[in-house]
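Student: any chance you can model this:
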Amino acid sequence: MSPITITIIAVGLLAWLLTCWALIDVAGRDFGGIEKKAAWGFVAFIPFVGWLIYLVIGRPKSTPPKAGPDPS
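Tutor: As a prediction, this is how the structure comes out:
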């Protein structure tokens, strides 16, 4: 394989992994309403830049999930 092919595959794989991370993060956070959560989920699907838009703009506007009850 040529170096260009390897680079394209690596960039595509990285973009896919970051998109998966963003979607999982959207699912676990509270945005104050299902409409906002759905909108950020759609933003995360934008190829190559959706995860970046979510990370810079959407994630700071959300709140992390509350911890569940202590199992002990």
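Student: next structured bit after the longest helix anywhere in the chain?
Tutor: The single longest helix within the chain, with elements called by DSSP state H, is helix 3-28. Sequence order places helix 34-44 as the next helix or strand after helix 3-28, per DSSP states H and E.
Student: what comes up buried for that next one?
Tutor: Using 16 or more other Cβ atoms under 10 Å as the test for burial, helix 34-44 gives 37, 40, 41, 43, 44. (Each C-beta comes from the backbone N, C-alpha and C, glycine too.)
Student: so what's the residue most central in space within the chain up against?
Tutor: Closest to where the C-alpha atoms of the chain average out (Cα atoms, centre = their mean) is residue 22, at 0.8 Å. Residue 22 is in contact with 44, 50, 51, 54, 55, counting by Cβ atoms under 8 Å, 6 or more residues apart in numbering.
Student: so the first one makes contact with residue 23?
Tutor: Yes. The pair residue 44 and residue 23 passes the contact test of Cβ atoms under 8 Å, sitting 5.1 Å apart.
Student: residues near residue 4, how many?
Tutor: 8 (other Cβ atoms under 10 Å).
Student: please disregard the earlier target; I meant residue 58.
Tutor: 23.
Student: ok, now the one 5 residues further on?
Tutor: Residue 63 has 9 neighbouring residues, counting by other Cβ under 10 Å.
Student: please report how far it lies from residue 25.
Tutor: 12 Å (Cβ to Cβ, to the nearest Å).
Student: run through the protein and note the low-pLDDT ranges.
Tutor: Scanning the chain for pLDDT under 70 picks out 67-72.
Student: now do 50
Tutor: Scanning the chain for pLDDT under 50 picks out nothing.
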